[in-house]
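[1] A structural model of the following input is requested.
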Amino acid sequence: MTNNRLDRLSDSLGHSFRQEGLLRQALTHRSYGAQHNERLEFLGDSVLNCTIAKALYDAFPNLPEGTLSRMRANLVKQDTLAEIAVRLKLGDYMLLGEGELKSGGFRRPSMLADALESIIGAVFLDAGFEAAQAAVLRQFESAIANIDPNVSGKDAKTRLQEWLQARKHALPDYQLSGTRGEAHDQIFVVACHIPALDIAAQGQGKSRRAAEQEAALAVLKQVGEIR
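    Model (predicted):
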């Protein structure tokens, strides 16, 4: 991996590494070599959770602990991390063993999420907590700004399920309609059907789960639960 490529990633992260070896290690899967990213992932996970917790604590001073916890869980879950990793094109930079390369590990949401947490850990070791905090907030800023405190941190699928159950309707049916794009940058299209209401809506995302969330959100808008 050339320095120029790592420089481009550093620019996207908004952090210039003094110890570039840390960034390289953060992108190295255990299948590639002994100097891999699992310990950095452990560290980054803690920094990420602390940073998001503080950001939510500051942004929503009147919300109780339970609601803040649900909000945080929704922000630091694998799907969200993987979407950010895709936006940063981390799959293009990851160092994987031959088997993982052949099986498309660089597209796997779990592996992308782990790599992002590893990078956060690497920033922390490279420049301290404030630098790592700034890197996290740079990637999560819009997600935090768009949180609606009135929904108590629940995602669209949960909200739709609860809305239907309250009206004694069957649960929604999610079906994969198709995919498009190159193998390393696929977009999933999912349809959400509510037979009892004769409603259907589509959603798109970088993962099937993300597409399901978008489809559920579209249904909630149709029934007037979200404006």
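
[2] part of a strand, is residue 34?
    No. The assignment for residue 34 (DSSP: H, G, I helix; E, B strand; the rest coil) gives coil, which keeps it out of a strand.

[3] Look up how far residue 215 lies from it.
    Note on residue 34: its distance to residue 215, by CB to CB, to the nearest Å, is 43 Å. Quick note: C-beta positions are derived from backbone N, CA and C, even for glycine.

[4] which residue is nearest the centroid of this protein?
    The centroid of the chain falls nearest to residue 80 when counting by CA atoms, centre = their mean (1.6 Å).

[5] Show the contacting residues for residue 5.
    Residues in contact with residue 5 (CB atoms under 8 Å, 6 or more residues apart in numbering) are residue 93.

[6] Would you mind measuring from it to residue 170?
    50 Å.

[7] the strands in the chain, which residues?
    For the chain, strands defined by DSSP state E occupy the ranges 173-180, 187-194, 199-205.

[8] So which of these is the most surrounded?
    Stretch with highest mean neighbour count among the strands of the chain: strand 187-194 (a mean of 20; mean count of other CB atoms under 10 Å).

[9] so what are the domain limits for this protein?
    Split into domains by automatic domain parsing, the chain comes to 3-147, 156-222.

[10] ok, and for the least confident helix or strand in the chain by mean pLDDT, which residues are buried?
    None of the helices or strands of the chain scores lower by mean pLDDT, DSSP states H and E than helix 98-102, at a mean of 78. For helix 98-102, a neighbour-count test (16 or more other CB atoms under 10 Å) marks residue 100 as buried.

[11] longest helix in this protein, by residue count?
    Criterion DSSP state H: the longest helix present in the chain is helix 38-59.

[12] May I see the buried residues of it?
    Residues of helix 38-59 classed as buried: 40-41, 43-45, 47-49, 51-53, 55-56 (neighbour count, 16+ other CB under 10 Å).

[13] go on, stretch 67-85?
    Within stretch 67-85, the residues scored as buried using 16+ other CB under 10 Å are 67-68, 70-72, 74-76, 79-85.

[14] And for that stretch, what's in contact with it?
    The contact list for stretch 67-85 (CB under 8 Å, 6+ apart) reads 48-49, 52-53, 56-57, 60, 63, 91, 109-110, 112-113, 115-117, 139-140, 143-144, 147, 149, 152-155, 205-207, 209-210, 213.

[15] Any of those residues buried? List them.
    48-49, 52-53, 56, 60, 63, 91, 109, 112-113, 115-117, 139-140, 144, 153-155, 205-207, 209-210, 213.

[16] All the helices of this structure, in order from the start?
    Using DSSP H, helices in the chain cover 3-13, 20-26, 38-59, 65-75, 78-87, 98-102, 109-127, 129-145, 156-166, 208-222.

[17] Dump those helices into CSV; add distance to residue 193 as well.
    Compiled in CSV, the helices of the chain are given as follows (distance: least, CB to CB, whole Å):
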stretch, distance to residue 193
helix 3-13, 38
helix 20-26, 41
helix 38-59, 34
helix 65-75, 24
helix 78-87, 21
helix 98-102, 36
helix 109-127, 24
helix 129-145, 28
helix 156-166, 12
helix 208-222, 9
